[in-house]
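Asker: fold the stuff below for me.
(chains A and B)
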Protein chains: 2
Amino acid sequence: MSEIEQLKQQVEAQGGVVRQLKADKADKASIDEQVKILLSLKDKLRIASGEPASSGKSAKSFSLKTPKGTKDYTAKEMSVRSQIFSTITSVFEKHGAVTIDTPVFELKEILTGKYGEDSKLIYDLKDQGGEECSLRYDLTVPFARHVAMNGISNIKRFQIAKVYRRDQPAMTKGRMREFYQCDYDIAGQYDAMIPDAECVRVAVEVLTSLDVGSFVIKLNHRKILDAIFEVSGVPDDKIRTISSAVDKLDKLPWADVKKEMTEEKGLDEAVADKIGEYVRLSGREELLDKLRALPELMASTKAQEGVADMELFFKYAKIYNILDYVSFDMSLARGLDYYTGIIYEAVLTEENVRPTEAQPTATGAKEVKEGGEIDESQVRVGSIAAGGRYDELVGMFSAARRGGKAKGKNSNVPCVGISFGVERIYSVVMSRMQAETIKANKTQVYVISLRDGLIEERLKIATELWDAGIPAEFMYKVKPRLQSQYNTCDQEVIPWAVLIGSDEVASGNVKIKNMAAKVEGEEGGVTIKRSDMIAELKSRLDL
Amino acid sequence: MSEIEQLKQQVEAQGGVVRQLKADKADKASIDEQVKILLSLKDKLRIASGEPASSGKSAKSFSLKTPKGTKDYTAKEMSVRSQIFSTITSVFEKHGAVTIDTPVFELKEILTGKYGEDSKLIYDLKDQGGEECSLRYDLTVPFARHVAMNGISNIKRFQIAKVYRRDQPAMTKGRMREFYQCDYDIAGQYDAMIPDAECVRVAVEVLTSLDVGSFVIKLNHRKILDAIFEVSGVPDDKIRTISSAVDKLDKLPWADVKKEMTEEKGLDEAVADKIGEYVRLSGREELLDKLRALPELMASTKAQEGVADMELFFKYAKIYNILDYVSFDMSLARGLDYYTGIIYEAVLTEENVRPTEAQPTATGAKEVKEGGEIDESQVRVGSIAAGGRYDELVGMFSAARRGGKAKGKNSNVPCVGISFGVERIYSVVMSRMQAETIKANKTQVYVISLRDGLIEERLKIATELWDAGIPAEFMYKVKPRLQSQYNTCDQEVIPWAVLIGSDEVASGNVKIKNMAAKVEGEEGGVTIKRSDMIAELKSRLDL
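Answerer: Below you'll find the model as predicted:
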């Protein structure tokens, strides 16, 4: 088939998609998205047919932008982000974690079958000959691949890196197609709940030291949840899909979730009601007593194992002084398939969320606001960290490895970890800052010529400052205007200036001036000996 | 056409490619590469036809590896890399530079037409609907795009980030498909050569503080080089391709370069010989006098401008104390098209390169070693930083922007910058280190149970240490063996231990022991009051 014929078919098919969406009265954004694809296909067809594209512009010039769902970060934004990363890193390192680095893309087959329905959001690289590759979707699967591939039996690692999802972006709410994840994981055969409790302790340390405001860490256990589904009568093959429905209780009321279970997923109403009773339970340690008092549930071995785990968890969490931050909540399910034990999710509490946001009810479900619509991107801003235990993921890779080479000494490397939503944390922190006060550079001293330019003298002084380790700049002009130099100090928030004119040069002096705060009696700066400049600045700069 | 038919055609075409390579006696790596593609196409065809793939393995299990030309970095490797990045960052920040972040992929059209022949090495993303994107090839083009897009008139920025090239990897020599670049650029309308000289000063500061060994920074000026081609009689349309040939003088003898110019590129032998005379010139400041004494060359306006620039450069470089590090070398050409002024390249000098490496001759060209073969990947390890002035690149984007919206206030933002080959710097630094001595974690204290497990006591002590900001770990076992705990301290290079047994707990004491160096009279550790633990550790740890 020729390229033109192929394009014709594609235009026709895409036209059908757009017509269908319009017929279905789909939301405007979805229709616009598909129309855009249609128009671009039509342009390609025109170009392939030798006709000019629809608008002269799109054929000749090009759009000066970053790809959809991505953005550039300015120096001020990066300064705030670096501080956040550095705070998080220092907590991770305080707990002995090391960092590793993995490639931004993986062999496609490594990611296949790990993300369920979300696999459609994976970015693939074009086949340009050689291997099929995809951009990483998270840091957990590459970590498990790394552990299995290198036969590692235990490691406590963190990784702060970008991941990629072809999701519908909501840029203002921090939902991007390229975004940072920030993961802390403990892999190894250890005694029950010791590393698990430490992950939650790490979450508390990170979130309190970042000063994001008040938060609560919801806890649950996959085995307890599975037992609930089992004793409620959910068929085995429906457990994961019903679990996904339960996970929506933080943004939908029970009635809607029940509807999804029964109408969409074909669950008996009686079974759904039974689940409803269980998943509304929440509390702290005392919830363990409540669960133990439910004979039907406790008849399940899974429930017994889960409750025993949580008992240990609370014992360790008490020593770690983190009980005030946790809530044991039967409605927490977490979407990903690979969890096998404790699961947790840190959410900002009410005073922290914007007033437009849907409010949680007593059951933990968020009511739908007047108007009947729920904006997921807003509701979800509350979640800022999540994770849990995943004991089988490394084994999935090790099994493949044994298939290849018969090593397999680490066929089973249990893992537990937590991932911080740094983009959301960044939004919260950034929203509290005033742009003018953010100093993006580290410059401490600006070398100013009062008159006559004096470029060589300014270069000499800058050289001395750099040699002494003092961050310094000057204006890259032979004869800069005095006012421009002062303005730069203001704009760049540079606290100190060294000022020279021909008089100062002749007499072997310099003036030192505090540009940020006026120092009593030093409004015009103080004149000191040139040879004392470094010592004087060092004492004033508090370096 | 059906998928099967398409695959059949692809298999046939690929078969032809392989046969041709074999007929041409191509090198084994190239043939293997193409055979691999052929086999994978055949597998796809078998699967599409419903047959099992060639090996049961490839259909079911999968290769547990990272994509070709990429690798994972271990904790120890990352620790060395982080130190390098942090040293480089602090030099950049000392000069007032700020950092920005751009997406890992750009719209394909942004990269189009910027890299000449190397464009074939660009990684494209698969078309999954929406925009056509490519992984960034360097950090310079995204930087220019950012400056133009945001109408920035001046910025001094650095960026340390990964870039992607589908090149033939030479992993052991640090040539990867995914690798870090580390760029420092100054954009803005400034007076001649002031920012240019600072870029070279920054290179000297970075390379001396990283302790890579002795190096020289070769300098040249595109305008002088263009004048040389002009007065030698190179036709205008051959200037760039002849310039590329000259750039090979650091790895090929003049005879080979001349052959390329005359036989491959059709240049007159007399013209080539004339070029040969010019490009063998090298020196420092005094070379300016030599050039000025060449009337034919100095008749060119370009040569006059270039020489005037270099005169200013040497004036500023002298003040910056960097004259000892530079060499003014007419054979330096640099491959990229976009340079418009000074160009420079830092290379490690002989004592730094491995003895197997080809040695430079008096003309700066490297002789071919006995055997007649030259291994580019080895020779090129010498280059560890490079850059220059590129005044037109931002304008290319701004023009596109004006085409879209009529703003264009920053149609011309001249730039100068330098890019450090951190992968090579990393190889050099790493080759001098001993793996055992690299401490990847930051853990200062290991909490050890002498007997009886004492898990709760160990958790309590760890909590106190963390609360006091002391990096601490313990073994995640309820009853760990003493020897295992000691072994961990050794392996993880943890310098201090807090030891407890039931006796210590009962008497409210702990033992403190230096695990790294024996302290006179403290071989078994010293017993101190539990309440003095933090203060005692802080004084010993020098935190």
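
Asker: how about A:Tyr325, what does it touch?
Answerer: For A:Tyr325, the contacting residues are A:Val204, A:Phe215, A:Val216, A:Ile217, by CB atoms under 8 Å, 6 or more residues apart in numbering or on different chains. (Each C-beta comes from the backbone N, C-alpha and C, glycine too.)

Asker: so which strand or helix has A:Lys71?
Answerer: Assigned by DSSP states H and E, A:Lys71 falls within no helix or strand.

Asker: so it touches B:Pro103, yeah?
Answerer: Yes - proximity of A:Lys71 to B:Pro103 meets the contact threshold set by CB atoms under 8 Å, at 7.3 Å.

Asker: domain-wise, how is chain A divided?
Answerer: The record's domain parsing of chain A by automatic domain parsing lists A:3-60, A:68-187+A:391-438, A:213-388, A:441-541.

Asker: how far out from the middle of the chain is the longest one?
Answerer: So that's domain A:213-388. 22 Å (CA atoms, centre = their mean, to the nearest Å).

Asker: could you give the average pLDDT over it?
Answerer: For domain A:213-388, mean pLDDT rounds to 84.

Asker: which of A:Lys71 and B:Pro103 has more neighbours?
Answerer: A side-by-side neighbour count of A:Lys71 and B:Pro103, using other CB atoms under 10 Å in any protein chain shown, places B:Pro103 first with 22 against 18.

Asker: where in the stretch 101-250 of chain A is pLDDT low?
Answerer: Scanning the stretch 101-250 of chain A for pLDDT under 70 picks out A:172-174.

Asker: can you do 90?
Answerer: The stretch 101-250 of chain A contains residues with pLDDT under 90 at A:112-119, A:128-130, A:167-175, A:211, A:236-237, A:239-241, A:244, A:247-250.

Asker: quick one: the helices in it?
Answerer: Remark: helices assigned in the stretch 101-250 of chain A by DSSP state H, counting those that start in this stretch are A:108-111, A:140-149, A:194-210, A:222-232, A:239-247.

Asker: redo those helices as CSV? Include distance to chain B and mean neighbour count.
Answerer: As requested, the helices of the stretch 101-250 of chain A are exported to CSV (distance: least, CB to the nearest CB, whole Å; neighbours: other CB atoms under 10 Å in any protein chain shown):
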stretch, distance to chain B, mean neighbour count
helix A:108-111, 4, 20
helix A:140-149, 5, 24
helix A:194-210, 4, 23
helix A:222-232, 20, 23
helix A:239-247, 23, 20
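
Asker: quick one: which of the ones you listed is nearest B:Arg292?
Answerer: Judged by CB to CB, the one of those that comes nearest to B:Arg292 is helix A:140-149, at 58.6 Å.

Asker: so which elements touch the closest one?
Answerer: Here helix A:140-149 touches strand A:105-107, helix A:108-111, strand A:155-164, strand A:178-187, helix A:393-404, strand A:415-420, going by 3 or more CB pairs under 8 Å, 6 or more residues apart in numbering or on different chains; DSSP states H and E.

Asker: and that helix with strand A:415-420, angle?
Answerer: Between helix A:140-149 and strand A:415-420, the angle comes out at 150 degrees (axes from the mean of the first three to the mean of the last three CA atoms, to 10 degrees).

Asker: got a list of contacts for helix A:140-149?
Answerer: By CB under 8 Å, 6+ apart, helix A:140-149 touches A:100, A:102-103, A:106, A:110-111, A:114, A:136, A:152, A:155, A:157, A:159, A:183, A:185, A:187, A:338, A:390, A:393-398, A:400-401, A:410, A:413, A:415, A:417, A:419, B:64-65, B:72.

Asker: which SS class is A:Lys42?
Answerer: At A:Lys42 the chain is in helix, as set by DSSP: H, G, I helix; E, B strand; the rest coil.

Asker: how about it, nearest residue that isn't a chain neighbour?
Answerer: A:Val11 (5.7 Å; CB to CB, 6 or more residues apart in numbering or on different chains).

Asker: still on that earlier bit, tabulate the helices of the stretch 101-250 of chain A (TSV), appending distance to B:Pro235.
Answerer: Below are the helices of the stretch 101-250 of chain A laid out as TSV (distance: least, CB to CB, whole Å):
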stretch	distance to B:Pro235
helix A:108-111	48
helix A:140-149	52
helix A:194-210	63
helix A:222-232	73
helix A:239-247	68
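
Asker: which among those is found nearest to B:Gln34?
Answerer: Short answer: helix A:108-111, nearest of the helices of the stretch 101-250 of chain A by CB to CB, at 20.4 Å.

Asker: how about the closest one as PDB, C-alpha atoms only?
Answerer: Only the C-alpha atoms of helix A:108-111 are listed here, as PDB (Å, rounded to 0.1, in the frame of the first residue of the first chain):
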ATOM      1  CA  LYS A 108       9.800  -3.200  26.100                       C
ATOM      2  CA  GLU A 109       9.300  -6.800  27.300                       C
ATOM      3  CA  ILE A 110      10.600  -5.800  30.800                       C
ATOM      4  CA  LEU A 111       7.600  -3.500  31.200                       C
END
